[in-house]
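Visitor: I would like the atomic coordinates for the input below:
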Amino acid sequence: MTKLPTLTAGFILTLFSSFTPAGRVLIGLGVAPAEVVATVPAGSGLPVLALLTPAERTSYLAAFEQYVAHTYVRAGLTGAALPLPVYRQALLGFYNLQQQGHVEAGTRTLTIADFSQSSNRERLWVVDVTEGRLLHHTLVAHGKNTGEEFARNFSNVEGSEKSSLGFYVTGPTYQGKHGLSLRLRGVDAGYNTNARTRAIVVHGADYVSKAFVSRHGRLGRSQGCPALPAPESAAIIRTIKNGTVLYIHGPAQVGYRSALLELDAALMAFARGQQRLTSQPG
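Guide: Sure thing, here's the model as predicted:
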């Protein structure tokens with residue numbers, strides 16, 4: 001199992017020992033942090049405000065940035081054309097979802113779809129962020145009203161046939177008209193929370209292929225689902241099902257501003273995760 005260098009892991013362990021017990025988070029009550037802070041169970045749905053001093057934030061952030069760079073290089077994501085800033089943003093949301101209890105603390109699988117890139121490119125990556133290992137890298141379609149070759153317009157509205165940005169948690173599989181498919185739960189307020197009523201799922205499709213690109217000059221498009229190449233979809237779905245994180249990134253001009261990119265909460269969950277790894281035998 002890949003771990004941070006001993007010095008970094010040790011210093012995280014020392015710093016984190018003074019924070020809240022595992023399974024609890026801090027929330028702000030609309031007043032200055034020094035005045036009143038309450039603890040609530042993770043996953044309560046209440047807004048999370050992680051309280052770090054400037055010195056603590058600096059130390060946690062240094063370890064986090066080292067981890068981002070280490071796993072990025074180890075997974076070969078430069079060669080796989082996943083931009084480092086997109087990977088870092090995905091990890092911030094990944095750890096915020098752990099802090100809020102949307103995914104389990106031991107979750108290690110992160111799927112990233114970069115819809116700022118051409119649909120003709122392989123712009124979906126599935127990464128084991130604990131091992132720093134690229135598990136899958138392939139094409140992915142966006143919604144037909146989101147754009148042609150490039151994704152430009154996004155929506156959370158039912159019937160829009162547009163893709164929705166942001167963070168999702170994967171659910172169970174089912175057999176649908178596209179074969180093995182994967183339900184998604186949109187957890188990014190203002191961006192994708194209607195995913196379930198819109199039937200936004202992961203599935204395979206014949207129009208997601210290099211052959212389709214060769215014939216039409218662009219990838220085929222879905223009704224808003226992140227559709228995958230049919231020959232690869234079942235293996236990817238089995239890898240990411242049941243409680244892992246999917247992040248759909250969009251072009252800069254869309255102005256995506258999610259609460260799930262909050263830094264302090266992500267750093268606390270990251271530190272807790274590293275503490276757990278360093279305490280495991282072997």
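Visitor: got the residue ranges for the strands in the stretch 151-282 of the chain?
Guide: Under the criterion DSSP state E, counting those that start in this stretch, the stretch 151-282 of the chain carries strands at the ranges 166-176, 179-186, 201-205, 227-229, 245-249.
Visitor: now these as a markdown table including distance to residue 65?
Guide: To be clear about C-beta, it is placed using only N, CA and C from the backbone, and glycine gets the same treatment. Shown next, in a markdown table, are the strands of the stretch 151-282 of the chain (distance: least, C-beta to C-beta, whole Å):
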| stretch | distance to residue 65 |
| --- | --- |
| strand 166-176 | 21 |
| strand 179-186 | 29 |
| strand 201-205 | 31 |
| strand 227-229 | 31 |
| strand 245-249 | 18 |
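Visitor: to residue 160, which of those lies closest?
Guide: Closest to residue 160 of these is strand 179-186 (C-beta to C-beta; 13.6 Å).
Visitor: the longest helix anywhere in the chain packs against which elements?
Guide: The longest helix of the chain (DSSP state H) is helix 54-74. Packing partners of helix 54-74 (3 or more C-beta pairs under 8 Å, 6 or more residues apart in numbering; DSSP states H and E): helix 6-16, helix 84-99, helix 263-279.
Visitor: show me how far it is from its chain's centre.
Guide: 17 Å (C-alpha atoms, centre = their mean, to the nearest Å).
Visitor: kindly export stretch 247-265 (C-alpha atoms) in PDB.
Guide: Extracted C-alpha coordinates of stretch 247-265, given in PDB (Å, rounded to 0.1, in the frame of the first residue of the first chain):
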ATOM      1  CA  TYR A 247     -16.500  14.500 -10.500                       C
ATOM      2  CA  ILE A 248     -17.600  16.200 -13.700                       C
ATOM      3  CA  HIS A 249     -15.400  19.200 -14.500                       C
ATOM      4  CA  GLY A 250     -16.400  21.900 -16.900                       C
ATOM      5  CA  PRO A 251     -14.800  24.800 -18.900                       C
ATOM      6  CA  ALA A 252     -13.600  27.800 -16.900                       C
ATOM      7  CA  GLN A 253     -16.100  30.200 -18.400                       C
ATOM      8  CA  VAL A 254     -19.000  28.200 -16.800                       C
ATOM      9  CA  GLY A 255     -17.900  29.600 -13.400                       C
ATOM     10  CA  TYR A 256     -18.300  26.500 -11.300                       C
ATOM     11  CA  ARG A 257     -18.200  27.500  -7.600                       C
ATOM     12  CA  SER A 258     -19.100  24.600  -5.300                       C
ATOM     13  CA  ALA A 259     -19.200  24.500  -1.500                       C
ATOM     14  CA  LEU A 260     -17.600  21.000  -1.900                       C
ATOM     15  CA  LEU A 261     -14.300  22.700  -2.700                       C
ATOM     16  CA  GLU A 262     -14.000  24.200   0.800                       C
ATOM     17  CA  LEU A 263     -10.400  23.800   1.800                       C
ATOM     18  CA  ASP A 264     -10.400  23.400   5.600                       C
ATOM     19  CA  ALA A 265     -12.900  20.600   5.700                       C
END
